[in-house]
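Student: Sequence first, then the predicted structure, then my questions.
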Amino acid sequence: MKKQIWKLALAFGVLALGSCSGGSSSSDTNLAQTPNLSPSPAPAPSPTTPALPATPLYSVSTVKPVPYPNGFTVTTTDPKDVATDPCKLDLDTVTYPQSWLRGRTLPAATGAPLNPAIGRGVTIKDIMLDDNPAFVLKGSADAPDGCNNGVGALKKEMEKTAQRIARLDAGYVKITQWHWITENQNGSYSVIDADDSFGPISDDNLRYFVQSAHRAGLKVVLWNQIQAFGDRQGGFKPTPQNNVENYEKWFVAFGSFMQERAIFYDSIGVDVWDTGCHFCVFNTLQAKTSAEKSLFYNSYLKISNNLKNVYKGKTFIIDNDWFDFGSEYLGNIDFIETGMWSNKTWTLPESDVLTPQSYRDTLNSKITVLLKFGKPLFLSVGIQSRRNALSEPGYLEETACTAAINALELSNSQCIQKQTEVDFALQAIIVQAQLDYIKSFDTNNLVVFAVDYFATDNLYPRFAYPNIGYTVRNKPAEGILREWFRK
């Protein structure tokens, strides 16, 4: 996994997905569809006694840490463990089909824990509806009208999530407030306010989240994400051509955005802020020319210098091909973010028999190179819990239906998510390998983040797809993470 990619929920596509279909009708519960939770036909239950579903399940407590690995393979025996209301948020227990482990043995947390001097953190998934924290929208199979948990429901879930992350012995939590960018009638660009868009966390909820995190003893890291063009009605627009004229218009718009956000983010107490914009339009270009590197370096340096008297917190930059074009920019930042990746191209049969050691042996990173700049590194671990995560790498949208892996635009006719097999064991194996790899470096100058942690507990797909997502919440990989984060 060379880099972690975050995708946004595009409003026009999400709202059109009431008829989203195209998934397999197979009853194989490895697939990313909601398992059959109807009662087993025999023996017939009494009218007052609920029955267990026909699908064999495991139960996982959400109110207290469960031992790894055995706590994640407790066979469900109490029908009350099974959440049949897709809108219910207060769940003491969640369940998942036993087949989602694919018959694998969960890996041991060999080598855990990390050195106590290494920072620990969790990144929050970027779907943030105030009255519908689980993102169950209209058109969901078992909630055709969607869910409405009332104004302010997200705040309660954020409070619970912050406390839960703190119980992992984490000291940081990372979040984004993503935005659209639009082209104005005169050809200039503007970044659209998050409060005027569908999906991103609002200013009010972001303020509350920072307060919740601080109450839990967590430092808040915020990264910028302006990953797509759209119109002010929420419609998707193609990104304009990559050329110097458009880059310059981008920097004008981004500079204005950063000045405005600096005042707000400083006022609410964001502890560490991204002063670049790696997950943004025009910024993931491969092989920039020297002139392009110079433009990006000097433009971002100017923006960073203009923020010094406004934003008083610490700053970071995501590893890119321009930040070291000169020497001054590095003096403005406190952290560098990077990732790791496998040097191997994996087949599905190889992935199906993967071990932590066989994956660890293929890992590579720029950790050693970047540490030479004298800055602590942010480093992310994780992978989507889908069987083909290695054999078909890339980002599979987790908030709605798409036609393909790495597709940005949502689909109302195809849904690859429903055809995708779940594999919680593979996710645990890879997280174990990644953490063991990190421990092999002779440095404590790191903060390790587990990525895209959902803000709610349920594991079943309704409209979003936590079951195949990066989130480790209530999955065996969270048990691995707890062992490694333990101090």
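Tutor: Noted; the coordinates are in hand.

Student: what residue ranges in the chain are flagged as low confidence?
Tutor: Along the chain, segments meeting pLDDT under 70 span 1-49, 285-286.

Student: same thing but at 50, please
Tutor: Residue ranges of the chain with pLDDT under 50: 1-28, 38-40.

Student: max-length helix in it?
Tutor: Taking DSSP state H as the criterion, the chain has its longest helix at helix 244-268.

Student: neighbouring contacts of that helix?
Tutor: Residues outside helix 244-268 that contact it (CB atoms under 8 Å, 6 or more residues apart in numbering) are 179, 181, 187-191, 203, 206-207, 210-211, 222, 226, 240, 273, 275, 277, 280-282, 291-292, 295-296, 299-300, 302-303, 306-307, 310-313. C-beta here means a position set from N, CA and C on the backbone, and glycine is covered the same way.

Student: Quick check: closest non-adjacent residue to Tyr208.
Tutor: Lys155 (5.1 Å; CB to CB, 6 or more residues apart in numbering).

Student: just the CA coordinates of the helix or strand where Arg120 lies, formatted as PDB?
Tutor: Taking DSSP states H and E as the criterion, Arg120 maps to strand 119-124. Below are the C-alpha coordinates for strand 119-124, written out as PDB (Å, rounded to 0.1, in the frame of the first residue of the first chain):
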ATOM      1  CA  GLY A 119       3.100   7.800  19.400                       C
ATOM      2  CA  ARG A 120      -0.200   6.000  18.700                       C
ATOM      3  CA  GLY A 121      -3.200   7.400  16.800                       C
ATOM      4  CA  VAL A 122      -6.400   6.600  15.000                       C
ATOM      5  CA  THR A 123      -7.800   8.300  11.800                       C
ATOM      6  CA  ILE A 124     -11.600   8.800  11.700                       C
END
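
Student: Just checking: what are the partner strands of it?
Tutor: Sheet pairing here is set by DSSP bridges, and for strand 119-124 it gives strand 172-176 (parallel), strand 446-453 (parallel).

Student: right, and the helix or strand after it?
Tutor: Per DSSP H and E, the helix or strand that comes after strand 119-124 is helix 153-166.

Student: by contact count, what packs against that following helix?
Tutor: Using 3 or more CB pairs under 8 Å, 6 or more residues apart in numbering; DSSP states H and E, the elements in contact with helix 153-166 are helix 203-215.

Student: What helices and strands are in contact with the helix it packs on?
Tutor: Using 3+ CB pairs under 8 Å, 6+ apart: helix 203-215 touches helix 153-166, strand 172-176, strand 219-223, helix 244-268.

Student: what does the second one contact?
Tutor: For strand 172-176, contacts defined as CB under 8 Å, 6+ apart pick out 6, 119-124, 126, 162, 165, 200-201, 206, 209, 213, 218-225, 272, 279, 378, 447, 449.

Student: In TSV, list the strands paired with strand 119-124 along with distance to Leu91 and mean neighbour count.
Tutor: Putting the strands paired with strand 119-124 into TSV (distance: least, CB to CB, whole Å; neighbours: other CB atoms under 10 Å) gives the following:
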stretch	distance to Leu91	mean neighbour count
strand 172-176	21	25
strand 446-453	16	25
